[in-house]
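>>> here is a sequence together with a model predicted from it:
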Amino acid sequence: MAKSIMIQGTMSNVGKSIIAAGLCRIFQQDGYKVAPFKSQNMALNSYITKENLEMGRAQVVQAEACKIEPSVYMNPILLKPVTDMGSQVIVMGEVVGNMRAMDYFKRKKEYIPIIKEAYNTLSQEYDIIVIEGAGSPAEINLKQDDIVNMGMADLVDAPVLLVGDIDRGGVFAQLIGTVDLLEPEEQNRIKGLLINKFRGDKSILEPGLRMIYERCKKEVLGVVPYINLDIDEEDSLAETLHQKKANNLLDIAVVRLPKISNFTDFRALEMESMVSIRYVEKASELGQPDMVILPGTKNTIKDMKWLRESGMETAILRLENTLIFGICGGYQMLGEEIADTYGTEDYGKIRGMGLLPIITTFEPEKTRTRTEGIVMELEGEFRNLSGVKVSGYEIHMGKSKRTRSEKNKESDLQEKDFLCIDGNLEGYQKGNVIGCYLHGIFDEEEFRRGLLEILCKRKGIAFEIEEQMSYQEYKESQYDKLADVLRENIDMKRIYEIMGITVII
């Protein structure tokens, strides 16, 4: 059976996922077969495996750091918030339904055998498993029947590293208070502490580190500096979502919908030196971007209402010479109508933005597939995209179909089906508006560069391709950078000892 180490945090967004990813890469570099694991993840960023099953993206990132294929065994339970009070529950990659928080809390103990089986499956194949917790283990109102923090550690007898975030202040209270709120047997599971996101001279921390040991008898095994990394982050607290300014030649505005999902779709665009990606929440922030992106959402109807009530829809419709691109839920919003008669996300029907001749109907069955496609033969300024191969994944409840109204027939704007995927026509392009269901479409270099060339021509600037590594190579370099920083600032020999592995460092 595999050795294990569990990363827990004093609260959300202390860097558990990134620390876990860095340890995954270090163990991989040191020659071990390593896999990530998180029993229960709550996130709106998800991914489709090669088996067409759904899992959280945090464990996908960690699997990439391990240089292995992502698997739902790494994230057996995924909760995708649909409303403020409930989530879509996904178990081993399959949707089991929507549940209110209280209903799920009452039932979650039923999932322990599934969690244990998933973990044991990985444990038989790998040398080391890096387990990630969720939130804080000291949420005393949630500790009963815990399956993701100390409950998980106890289930598989995993030693724990507790991470605190010094960047937001109060790290000593975070660490000491968290340990103090735990039961004695839980305290014993914590084998070391990590302070994350430190800026400045570490020697200043020495008195505080001694006091931590005096108060809770736990050793600080590392002080990790604040690192500028370009690695996918988790949902609403991600720093990426707070980018507001355009600093480069091409200004791309992503509408930050209240239930935004899979904003990782835009990471490849962010690495282009000509491009600024900024996230806008208010109509007044929109300005005159070169392209507006309507991203995916976990509640299309509610976010369409928000788009309308906030004035963002009106601001987008008033734009001139701006390319508008919708992905998944954003594509649905660009159409004429969205209807959810089954209450899949939110009962009701709503008028869309009317920019594309499609209507969307939600159905109980979710579309989950990794796929490849090809851009259709387009005309005019989009001609250079014709025939370009794309790949990615689809993950949506609604199905969209074309409308053929008299209004559309009389339109003087060029209209074309946009993508051909597995012989099916998906997505649509009308004038300056494009929409499709394909997540990850911007990861394809030929498509991404072709689109940027169109934006440059529209703006009247030269399109220049700088020699740079591929997106995959770029991601690999970021994982290696993370591993290097952790090696320099964490007592890795001690961590190996905690896991019961003897190494010479």
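Sure, I can see it. Since we're looking at a predicted model, the values are computed, not measured.
>>> can you check the pLDDT for Val89?
Here, the pLDDT recorded for Val89 equals 94.
>>> partners of the strand or helix carrying it, with directions?
Using DSSP states H and E, Val89 sits within strand 86-91. Strands that pair with strand 86-91, judged by DSSP bridges, come out as strand 77-81 (antiparallel), strand 94-100 (antiparallel).
>>> quick one: which of those strands is nearest Ser276?
Ser276 lies closest to strand 77-81 among those, at 28.9 Å (Cβ to Cβ). Any C-beta I mention is one placed from the backbone N, CA and C, and that applies to glycine too.
>>> for the closest one, what is the distance to the chain centroid?
With Cα atoms, centre = their mean, to the nearest Å as the basis, strand 77-81 stands 12 Å off its chain's centre.
>>> could you dump the strand holding Val89 to CSV, C-alpha only?
What follows is strand 86-91, C-alpha atoms only, in CSV (Å, rounded to 0.1, in the frame of the first residue of the first chain):
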residue,chain,number,x,y,z
GLY,A,86,-27.5,23.5,-2.7
SER,A,87,-25.2,21.7,-5.1
GLN,A,88,-25.1,19.2,-7.9
VAL,A,89,-23.6,16.1,-6.4
ILE,A,90,-21.2,14.0,-8.6
VAL,A,91,-20.0,10.7,-7.3
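>>> hang on, the earlier thing: distance to Leu425 and mean pLDDT for the strands paired with strand 86-91 - can I get that in JSON lines?
Output for those, formatted as JSON lines (distance: least, Cβ to Cβ, whole Å; pLDDT from 0 to 100):
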{"stretch": "strand 77-81", "distance to Leu425": "28", "mean pLDDT": "93"}
{"stretch": "strand 94-100", "distance to Leu425": "26", "mean pLDDT": "91"}
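>>> single out the most deeply packed of those.
strand 77-81 (a mean of 23; mean count of other Cβ atoms under 10 Å).
>>> my guess is Arg368 meets His439, correct?
No - applying Cβ atoms under 8 Å as the test, Arg368 and His439 come out as separate, 11.1 Å apart.
>>> what are the buried residues along the top strand by length along the chain?
Ranked by residue count, the top strand of the chain under DSSP state E comes out as strand 358-375. Residues 358-362, 366-368, 370-371, 373, 375 are the ones in strand 358-375 that count as buried (16 or more other Cβ atoms under 10 Å).
>>> distance from the chain centre to that strand, please.
Using Cα atoms, centre = their mean, the offset of strand 358-375 from its chain centre is 20 Å.
>>> what pairs with it, parallel or antiparallel?
Sheet pairing of strand 358-375 (DSSP bridges) gives strand 337-340 (parallel), strand 389-402 (antiparallel), strand 415-421 (antiparallel).
>>> could I get those in TSV, plus columns for mean pLDDT and distance to Ala268?
Output for these, formatted as TSV (pLDDT from 0 to 100; distance: least, Cβ to Cβ, whole Å):
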stretch	mean pLDDT	distance to Ala268
strand 337-340	93	28
strand 389-402	90	11
strand 415-421	88	18
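>>> and of these, who's closest to Ile166?
Nearest of the strands paired with strand 358-375 (Cβ to Cβ): strand 389-402, 36.1 Å.
>>> starting at the chain centroid, how far to the closest one?
18 Å.
>>> likewise stretch 176-185?
31 Å.
>>> buried set for it?
Buried, per 16+ other Cβ under 10 Å, within stretch 176-185: 176-179, 182.
>>> ok, back up a step: extract the C-alpha set from the longest strand of the chain and format it as CSV.
The C-alpha coordinates for strand 358-375 follow below in CSV (Å, rounded to 0.1, in the frame of the first residue of the first chain):
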residue,chain,number,x,y,z
ILE,A,358,-30.2,29.2,-31.2
ILE,A,359,-32.5,28.1,-28.5
THR,A,360,-31.4,26.0,-25.5
THR,A,361,-33.4,23.4,-23.6
PHE,A,362,-32.1,21.9,-20.4
GLU,A,363,-32.5,18.1,-20.0
PRO,A,364,-31.9,15.8,-17.0
GLU,A,365,-29.0,14.1,-18.8
LYS,A,366,-25.6,15.8,-18.7
THR,A,367,-23.3,15.9,-21.7
ARG,A,368,-19.8,14.8,-20.7
THR,A,369,-17.2,14.1,-23.3
ARG,A,370,-13.7,14.8,-24.3
THR,A,371,-13.6,15.4,-28.0
GLU,A,372,-11.9,16.7,-31.1
GLY,A,373,-13.3,18.8,-33.9
ILE,A,374,-12.6,21.0,-36.8
VAL,A,375,-13.7,24.6,-37.5
